[in-house]
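K.L.:
Just need the structure, nothing else, for what follows:
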Amino acid sequence: MALQDRGAVPNSTSKAWRDWRRSAPWWLITGCVWARIGGPRRGRLGGGGALLDSPPPPRLPSTPGFNRPVLSVEPSPLAQRGSYVALQCSAPVQAVRFRMQKVGIQSSQVEQGPNSVFLWNQASFFIDYISEASAGPYTCRYLYKASWSRPSLPEELVVTGLYPRPAFWAQPGQVVAQGGSADLLCQSHLGLPHFAVVKERRVFLRMNSSGSLISFRIQAMTKNHVGTYYCYGYSPLSPFLWSHPSKALMLEMTDAAISPAIFFSLAQLSLAGLSLLFFGRLGTKTLVRWWSRRKPPGPGEARV
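P.N.:
Coordinates of the predicted model:
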């Protein structure tokens with residue numbers, strides 16, 4: 001049967017298909033076969049009308065009111081008076097504007113655009129000179145599709161260097177056995193009743209005291225407690241204005257605890273070994289002298 005139109009493909013079960021396959025070009029036959037067995041599969045519709053075999057549709061951002069930005073302070077939320085910091089607000093979507101505000105002070109609102117065309121979801125607000133007025137909690141928002149998001153969780157900016165440094169030490173010492181306990185003691189020379197212990201420039205613990213001395217207890221020493229610590233004192237009337245940091249206190253951990261009995265036995269063995277070494281060398285020298293005196297004199301030598 002002669003085909004009037006080579007572009008029309010007959011049914012594969014009919015004689016016309018076999019005749020068409022003999023007369024059609026090879027590239028057309030290859031395309032038809034690929035379309036039947038090797039082409040993209042069609043997805044099956046599920047109960048909700050979604051394609052079960054196809055990838056899920058891209059997830060659209062939810063309502064901005066349910067997406068909080070993340071606020072951080074760089075290089076640290078503990079800033080020395082006279083230094084500078086950057087408040088960085090990060091949004092989960094590409095934002096148009098950002099707004100920074102100190103909690104409770106409406107007049108402190110500042111707005112700006114993203115950092116650059118490559119970082120549409122971030123904005124940095126700089127404080128060039130840290131003073132007492134800079135201390136306090138901050139929040140930020142971002143503008144997305146003509147709507148402002150919910151505020152971020154508050155980030156506290158603490159200004160240090162307002163009072164003299166407190167004394168800071170560890171009992172029984174800075175080297176603690178694994179699983180052992182230690183007390184970190186901090187004392188303010190001005191009688192400040194509130195204290196904070198900072199590890200690696202992050203607040204580790206805060207405590208209040210009825211006097212000027214406070215003790216931070218470590219119940220069981222682990223590798224997470226190893227590091228450098230500082231202590232600060234502050235007044236309850238100004239919780240974001242702290243003293244100068246104390247001298248650095250470095251906690252170290254030994255592999256295992258050594259009981260007093262084992263320690264005493266090791267000390268005895270060490271003393272016994274030193275005594276044996278001393279008397280052994282003394283006896284060797286005495287024996288050498290005695291043996292040299294017993295040696296008979298050679299020809300031409302006089303016996304003493």
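K.L.:
what is the residue lying closest to residue 148 once chain neighbours are set aside paired to in the beta sheet?
P.N.:
The shortest distance from residue 148 to any non-neighbouring residue, by C-beta to C-beta, 6 or more residues apart in numbering, is to residue 141 (5.0 Å). Yep, even glycine has a C-beta here, placed from its N, CA and C like the rest. Beta-bridge partners recorded for residue 141 (DSSP bridges): residue 99.
K.L.:
Please report the distance of residue 141 from residue 123.
P.N.:
11 Å (C-beta to C-beta, to the nearest Å).
K.L.:
For those two, list the residues in contact with both.
P.N.:
The contact sets of residue 141 and residue 123 overlap at 89, 98 (C-beta atoms under 8 Å, 6 or more residues apart in numbering).
K.L.:
This protein: helices as residue ranges?
P.N.:
With DSSP state H, the ranges of helices along the chain come out as 15-23, 26-33, 260-294.
K.L.:
weakest of the ones you listed in terms of mean pLDDT?
P.N.:
Mean pLDDT is lowest for helix 26-33 among the helices of the chain, at a mean of 52.
K.L.:
okay, and the helix or strand of the chain with the least pLDDT?
P.N.:
Within the chain, no helix or strand scores below helix 26-33, which has a mean of 52 by mean pLDDT, DSSP states H and E.
K.L.:
ok, the residue lying closest to residue 109 once chain neighbours are set aside - contacts?
P.N.:
By the measure of C-beta to C-beta, 6+ apart, the closest residue to residue 109 outside its immediate chain neighbours is residue 101, 4.7 Å from it. By C-beta under 8 Å, 6+ apart, the residues touching residue 101 are 108-110, 138-141, 151.
K.L.:
ok, 7 Å please
P.N.:
Residue 101 is in contact with 108-109, 138-139, counting by C-beta atoms under 7 Å, 6 or more residues apart in numbering.
K.L.:
Let's see if you can find the most crowded of the residues you listed.
P.N.:
residue 138 (24 neighbours; other C-beta atoms under 10 Å).
K.L.:
My read is that that residue contacts residue 157, right?
P.N.:
Yes. Using C-beta atoms under 7 Å, residue 138 is in contact with residue 157, at 6.3 Å.
K.L.:
correct me, but the residue nearest to residue 148 touches residue 147?
P.N.:
No. Counting by C-beta under 7 Å, residue 141 does not reach residue 147; the two are 10.0 Å apart.
K.L.:
Please say which of the two ends up with more neighbours.
P.N.:
residue 141 (25 against 11).
K.L.:
Show me whatever sits in contact with both of residue 138 and residue 157.
P.N.:
Joint contacts of residue 138 and residue 157 (C-beta under 7 Å, 6+ apart) do not exist.
K.L.:
can you map out the strands along the stretch 1-150 of the chain?
P.N.:
70-74, 78-80, 85-90, 97-102, 110-112, 122-127, 136-144, 147-148 (DSSP state E, counting those that start in this stretch).
K.L.:
With respect to residue 227, which of those strands lies nearest?
P.N.:
strand 78-80 (15.4 Å; C-beta to C-beta).
K.L.:
Tell me which strands that closest one pairs with, and in which orientation.
P.N.:
Using DSSP bridges, strand 78-80 pairs in its sheet with strand 155-160 (parallel).
K.L.:
Just want the angle from the partner strand to strand 85-90.
P.N.:
170 degrees (axes from the mean of the first three to the mean of the last three C-alpha atoms, to 10 degrees).
K.L.:
and strand 155-160, average pLDDT?
P.N.:
Computed over strand 155-160, the average pLDDT equals 95.
K.L.:
residues in contact with that strand?
P.N.:
Residues outside strand 155-160 that contact it (C-beta under 7 Å, 6+ apart) are 71-73, 77-81, 85, 130, 132, 134-138, 232, 240-245.
K.L.:
Show me the shaky parts of the stretch 101-250 of the chain.
P.N.:
117-118 (pLDDT under 70).
K.L.:
Kindly recompute the last result at 90.
P.N.:
The model of the stretch 101-250 of the chain has pLDDT under 90 over residues 104-109, 111-121, 144-147, 189-191, 193, 199-219, 224.
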